[in-house]
Structures are given as structure tokens and as C-alpha cells.
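A.B. asks: Quick one, what's the 3D model for this:
(one chain, ligands or ions: 1)
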Amino acid sequence: MQSLWNAREAAEFAGDLNQRVYSSRLLGRDKTLVMHGGGNTSVKVLTPDLFGREQQILYVKGSGWDLETILPQGFSPCKMDVLLALAMLSELSDIQMANELRTSMIDAGAPSPSVEAILHALIPHPFVDHTHADAIIAITNTPDGRRQIEEIYGDRMVIVPYVMPGFKLARRCAEAFEEQAHEGTQGMILLKHGIFTFGATAQESYERMIALVDEAERYLERHHAFMVEYPEVAPPAEAQRLPLAAFRHELSDTAGFPVIVASHNDIQALSFARRADVRQVAQQGPLTPDHVIRTKRLPLIGRDIAAYVEEYRAYFEAHQGRSATPLTMLDPAPRIVLDGDWGMLTIGRTAKEAAIAEDIYRHTIAVISRARAMQDYEALPAEDIFDVEYWDLEQAKLRAGGKAPVFTGEIALVTGAASGIGKACVESLLARGAAVVALDINPAIETLFKRPDYLGISCDLTDEAQITSAFEAAVRRYGGLDMLVLNAGIFPAGTPIAKLSLADWDKVLRINLDSNLVLLREAHPLLKLAPRGGRVVVIGSKNVPAPGPGAAAYSASKAAMTQLARVAALEWGEDGIRINTVHPNAVFDTGLWTPEVLENRARHYGLTVEQYKTNNVLKVEVTSRDVGELAAELCGPVFSRTTGAQIPIDGGNDRVI
Ligand code: ZN
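C.D. replies: Got it, this is the predicted structure:
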């Protein structure tokens, strides 16, 4: 493990808090140290209050912030005297503690302080760094962990046995510190949890972290337990999308809301899922409290969700008497599934949650494999896992959980999505919480957005094989399909029927009509498995009710498409799938309409560009965004009783009205 400290870079961060920001980001850049909001750091500074009195403030990482991208405002400023007084109490519930931490701040707008704030306050050094480093956990999570830690560090580290995070842990660490710390103390190891380092400067504390974790890595190396080799395995060749979507349907039913299911069949995931002893190693339990909260208790091995839930309920009932306050059963769906064919599935309410579960479990696989290579892997004790999963703060979060966007956990696929109306549909669906798969023949689609809930696939819709492989990729990424927006289409240059060749006619129908038949046919079994019922939106055209001369192929293709959608509405009603069509007109903010073309057309009708754009009953401009919003709303609850409808979005057209 290498220090990333760079004196030139560091010099740009003036003052203690900014130094704290800089070295926190360095920690965050190494995923073997901290992941996704895991780990926390702090600095103690003296600062005058409004009345000129000096006060000591602990700036500790605020919740919701990630070390890798933290800013000064990501640190919660807490009054040290309050934290130290709290630490003297003999008891403090976690809910009370969270309240006291919030009210100890000198900035009412700052984020809630980390639950480990009191612990940071108790360590008598200005800078404190805390991580859940993989190498440390690989060692502490073995039966002989404590002895090995002592072997590596001698008496340079204060060692604290496992205690659940919160007030008790802070107290326990303070006691251990008092008993064990001396001049040569460099840090503190929390068994089955992580490591603390400290120092007079940001650099000292950070570099101690790197050096101490590096010692752990070298120790693993000496025991041939650092580099883990995964045996070469081949994923199954056949399509998996239908069984995967059926599995997601069942998971969503179990959870009580639609979930994202991401599958991973790379060598690490597949070979771990296929280990002969996978039950023994994976079902022992998570690595640290942090891992419990983010991946839920144990992975499901295989596909029997019902048996898993039964076990979970029994486990809940057997343990809930341990809590003074009545507990709410968390949703019983697993967050990780290990399956010999599928590899690893990671489950989340959102694509981001599923991606976080993936990262955490990949580190878990590495740590388990290392611990097994060292000696044997030992998870948190079962009782403690329950305590962490159900601790007061998690329950409070559950009660506070705000309203999620309408399409959270759902998956949409949009065709012709690189620009114009298609791109607007993608944006409207993303804004409503859906994960979106976007298809376009333009390869720019692949990088249109960089976010975990977006998958861009370049795809020629006239090629059936490319369509089926796009569906396969979509389901592997997110687990199924809930919404389909058929938007891709071409609008050829005007040609009178007297001069229209069959080849030109065919080309338009291939794209505007035939490809949509394939898309609908292939989407149907997936939409049928949508937890809340499938939805399809067809982007039609004003040309259907009011065709124009010179657009025979285009108008015929859109009319046939509208008729196809009406038949689908009749056939698919019993599967709970709704299909509706929108007919936009005069949407000019698309690639088709350059300023020159617009000016030409306007002049042709003797209008200004402005008049031409708003040449409708309402005298309003119709934008791609307007169409995208309507398409998204059609998939939402307002239209839950509507199918087979055709809705104009044209500002009012006197030929249509
Ligand atoms: Zn921690």
C-alpha cells in the first residue's frame, strides 16, 4: 500500500480543516481502505465563537458524505466540551446520542455527525483517521485474529474487542486507550471492525494509516494470503433474461417494492458462487457492522427465496425480545444472491444501492478468501449481527425514510435515445427514479450519461439479434423490464407517391414499424413479469390523424404502428400491461431541425421562425422535454387505468381537433 501524499497538492489546502479535507480524499481514493461512505475522519480546532470566546470544535465527517469527494462543509462541527461530557455518562441510548450529537453543532445547517463522533473526540490527538481496511479485517476476522494483530504490531496498537458501533463502543475505546496507550502508540485496532490512526498533522495521521495497513498486507503476503487467485470458470452460454426477470419479480414481491437486481458473472463472482464450501463461508455472516448495514445479513445461496424468508422470520422472532423497544421487521429480501449459474446478484432499491452492495460484497469475497488462506474466516457473532441490523439508529432511519421517486426500483428501455425526444424520455424517466437502458444506432449513446442507473447500448434495430442481445444486457444489468418507450424512427425527405420506390418505402417501414414488432414481441414476457405491471409508450405522430402530402411512407408506418399498439393493448390487458400512444407535432429542438432548415420552412409558409414554431391553437412551442414528460407520466399512476389511448401533444391542431 502506497502513500498518495503529494506535498505540492497538499500545499493548496491551507489550514487544518482543508488539510483534513485533502487527506480524507486520499483515503477515499483507495477502495481497499474505505468504500461508499464507510470510514470517517476528524480534526480538532480552536476557534472563537460569536462573543470572542475560544472554543474547541471537532470537525467530524458528516453522514451522507463520501471521503473521496468530501468538501469542508461535509464535516460536522461539534463542540468538544459537549462530546467529552457525553462520554462521561454511564449510559446513553443511540437515539439520544444521535440527538445530542446534532445539537452539539455550531452550524445548524451542517450534516448529522458520524455515530463515531464521541470516539473521535476521546482520542487525544488533533487528527484522527478511521477505516475498515480490507487487510486488517482479513486478519481480525480469523479465530486467531487478536494474536496475529499482536504479532504484527507488538504493543504499538491499542486493541479493542468487538463492540457494536455507538456509545458503548466509544466508552470501550476510551477505556482501552487509557489502559493500553503509551508514548509509542500509533493507532487502535477494533477487532472485526477496523483501524484508527492519529497524529499532530493530517499527513502524520494519514501516513500512519498507510504504513500500518501496509504492515498488515505484508503479513498476509508472507502467509500467502494476500493475492487471491480465482479459478478460471466459464459462465453459462444460454440466455438468462427470463429466469432472471422471474427471480426479480419474486424478490420484489418479497421486499414489497420493485428492486434492481444486477448480475455479475465474472471470474471472481462465479468462482466464489461455485465454491464447494460456499454455504459454509458465505453464510457465516458479514465482516463488520458497516457491511451488515449495507448488504443485510447473509447472502441467499441458490434461488429459494421462500426458504430464505422463512428462516429470516424465525430469526427475527427469536431475537426481537432482546430489544427494549418493539422492532419493525425490515423487508426480508436478501441483498446478495450467490448462484452457480448466475454468479453474484446484488440487489438494491436503486441501481446505486445495488452497485454499492456489489462493491462491498466483492471486498467481502476477497477478505473471506484471504482469511481462509490464512487460517479460517470468522464473521461477527450471530447475536451481534442482529443487534447491528436492528439497532435503534437503523430503525429510526426506517421510520424517517422519505418518499422515494415514483419509478424507484423500476427499469425502462428507450429506443432512439441519443437525441431529441428519445433523450428527453430518458431524462424524464431518470428524474422519476427509474434505471434506464437507452438504445441508439449512434455509439455516442454508450456515454450519454455516466451514472449507475443508466446503460447505453449501441444497437441497430433492424437486426433482430442485436435487439435480443440488448434485452439480455438490460436484464443482466438491472434484473428485468417495467417500461418500454418505442421512439426510434426516421423521417425521410418528402417524396410524392408517384415517385416513391419500394426500396425507400421498405426502409422506412423496417425501422418505424418492423423493428417495433420485434421489440414488442421480445419485451412481452419481460413486461409480464414487471412487479407493478408493464407499460409501453409509443411515440406516434400527428401524421396519424392528420397526414401530410409527400410523407406517405412515414405516415403509413406511424399509422400501422398505432394500430399495432391498439392490438397489443387488447392482447396484453390480461397480463397487466398498458400501452398508450402519443402523437407529437412540430417538435423542433431535435437533430432533424437545424436553424437553417427551420428558417427555410418558416419562409416557405410566410412566417417568422417564432410564428412557425408556435403555429397551433394554443400558440405554444412543443419541446422534446414536453413529450418526454408526457411519456413518463403515461407510465405513472395517473394513467394506471388507461390503455390503448392516443394522446396528441401538439399545442392543439385544427385538423386533429
Ligand atoms: Zn467504523
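
A.B. asks: what sits against Glu100?
C.D. replies: By Cβ atoms under 8 Å, 6 or more residues apart in numbering, the contact set of Glu100 is Val82, Leu86, Leu92. (Glycine included, C-beta is placed from N, CA and C.)

A.B. asks: I'd like these written out as TSV, with neighbour count added.
C.D. replies: Converted to TSV, these look like this (neighbours: other Cβ atoms under 10 Å):
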residue	neighbour count
Val82	17
Leu86	20
Leu92	19
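
A.B. asks: Closest to Thr462 out of those?
C.D. replies: In terms of Cβ to Cβ, no member of the contacts of Glu100 lies closer to Thr462 than Leu92, at 66.7 Å.

A.B. asks: Verify the contact between Ile457 and Val437 for me.
C.D. replies: Yes. The criterion here is Cβ atoms under 8 Å, and Ile457 meets it with Val437 at 6.6 Å.

A.B. asks: if you count what's nearby, which of the two comes out ahead?
C.D. replies: Neighbours were counted for Ile457 and for Val437 using other Cβ atoms under 10 Å; Val437 has more, 27 against 20.

A.B. asks: Check which helices and strands the helix or strand that Leu429 is a member of sits against.
C.D. replies: Using DSSP states H and E, Leu429 sits within helix 420-431. Contacts defined by 3 or more Cβ pairs under 8 Å, 6 or more residues apart in numbering; DSSP states H and E place helix 420-431 against strand 411-415, strand 435-440, strand 483-486, strand 535-539, helix 624-634.

A.B. asks: Tabulate those (TSV), appending mean pLDDT and distance to Ala357.
C.D. replies: Below are the helices and strands packed on helix 420-431 laid out as TSV (pLDDT from 0 to 100; distance: least, Cβ to Cβ, whole Å):
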stretch	mean pLDDT	distance to Ala357
strand 411-415	98	17
strand 435-440	98	14
strand 483-486	98	24
strand 535-539	98	27
helix 624-634	98	27
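
A.B. asks: Out of these, the one nearest Gly154 is which?
C.D. replies: strand 435-440 (50.1 Å).

A.B. asks: which stretches of the chain aren't confidently modelled?
C.D. replies: Scanning the chain for pLDDT under 70 picks out the ranges 36-37, 285-297, 321-325, 381-402.

A.B. asks: Tell me which residues touch the residue lying farthest from the centre of it, please.
C.D. replies: The C-alpha centroid of the chain is most remote from Ala498, which lies 55.0 Å away (Cα atoms, centre = their mean). Contact analysis of Ala498 by Cβ under 8 Å, 6+ apart lists nothing.

A.B. asks: Report the contact partners of the closest residue to Glu599 other than its chain neighbours.
C.D. replies: Nearest non-adjacent residue to Glu599, counting by Cβ to Cβ, 6 or more residues apart in numbering: Val609, 6.0 Å away. Applying Cβ under 8 Å, 6+ apart, we find Val609 in contact with Leu598, Glu599, Ala602.

A.B. asks: Just confirm the second one is within a helix.
C.D. replies: Spelled out, that is Glu599. Yes. Counting by DSSP: H, G, I helix; E, B strand; the rest coil, Glu599 is part of a helix.

A.B. asks: Verify the contact between Ile511 and Thr462 for me.
C.D. replies: Yes. Counting by Cβ under 8 Å, Thr462 is a contact partner of Ile511 at 6.2 Å.

A.B. asks: So which of these two has more stuff around it?
C.D. replies: A direct count of neighbours by other Cβ under 10 Å for Ile511 and Thr462 places Ile511 higher, at 21 against 14.

A.B. asks: Leu564 and Leu513 touch, don't they?
C.D. replies: Yes. Counting by Cβ under 8 Å, Leu513 is a contact partner of Leu564 at 7.3 Å.

A.B. asks: sorry, back to before: what touches both of Ile457 and Val437?
C.D. replies: Common neighbours of Ile457 and Val437, counting by Cβ under 8 Å, 6+ apart, are Ala470, Ala473, Ala474.

A.B. asks: Reformat those as JSON lines; add neighbour count and distance to Thr408.
C.D. replies: Listed next are those as JSON lines, based on neighbours: other Cβ atoms under 10 Å; distance: Cβ to Cβ, whole Å:
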{"residue": "Ala470", "neighbour count": "21", "distance to Thr408": "23"}
{"residue": "Ala473", "neighbour count": "15", "distance to Thr408": "22"}
{"residue": "Ala474", "neighbour count": "26", "distance to Thr408": "18"}
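
A.B. asks: so which of those residues comes closest to Glu54?
C.D. replies: Ranked by distance to Glu54 (Cβ to Cβ), the shared contacts of Ile457 and Val437 are led by Ala474 at 59.3 Å.

A.B. asks: Skipping adjacent residues, who's closest to the closest one in space?
C.D. replies: Val437 (4.1 Å).

A.B. asks: Let me see the contact set for that neighbour.
C.D. replies: Ile411, Ala412, Leu413, Val414, Leu455, Gly456, Ile457, Ala470, Ala473, Ala474, Arg477, Tyr478.

A.B. asks: For the second one, list the residues it contacts.
C.D. replies: Counting by Cβ under 8 Å, 6+ apart, Ala412 makes contact with Leu429, Ala434, Ala435, Val436, Val437, Leu481, Asp482, Met483, Leu484, Val485, Cys635.

A.B. asks: Please repeat the previous calculation with a cut-off of 6 Å.
C.D. replies: Leu429, Ala434, Val436, Met483 (Cβ atoms under 6 Å, 6 or more residues apart in numbering).

A.B. asks: which residues does the nearest residue to the first one once chain neighbours are set aside form a beta bridge with?
C.D. replies: So that's Leu429. Leaving aside its chain neighbours, Leu429 sits nearest to Ala412 (4.6 Å; criterion: Cβ to Cβ, 6+ apart). Using DSSP bridges, the bridge partners assigned to Ala412 are Val436, Met483.

A.B. asks: how much space between Ala412 and Arg372?
C.D. replies: As judged by Cβ to Cβ, to the nearest Å, Ala412 and Arg372 stand 41 Å apart.

A.B. asks: same deal with Gly52?
C.D. replies: Counting by Cβ to Cβ - Gly52 and Arg372 are separated by 60 Å.

A.B. asks: neighbour-wise, which of the two wins?
C.D. replies: Per other Cβ under 10 Å, whichever of Gly52 and Arg372 has more neighbours is Arg372, with 18 against 6.

A.B. asks: And the more buried one, how far from Glu215?
C.D. replies: Computed with Cβ to Cβ, the distance linking Arg372 and Glu215 is 21 Å.

A.B. asks: Now do the SS call for Arg362.
C.D. replies: Per three-state DSSP, Arg362 ends up helix.

A.B. asks: hang on, I meant Ile195
C.D. replies: Reduced to three states by three-state DSSP, Ile195 is strand.

A.B. asks: burial count for it?
C.D. replies: Ile195 has 26 neighbouring residues, counting by other Cβ under 10 Å.

A.B. asks: Please apply the same query to Asp155.
C.D. replies: Around Asp155 there are 12 other residues, counting by other Cβ under 10 Å.

A.B. asks: so who does it touch?
C.D. replies: Asp155 neighbours (Cβ under 6 Å, 6+ apart): none.

A.B. asks: Swap in 10 Å and give it another go.
C.D. replies: By Cβ atoms under 10 Å, 6 or more residues apart in numbering, the contact list for Asp155 reads Gln180, Ala181, His182, Gly184, Thr185.

A.B. asks: just these now: which is nearest Ala307?
C.D. replies: Within those, the smallest distance to Ala307 is 45.7 Å, found for Gln180 (Cβ to Cβ).
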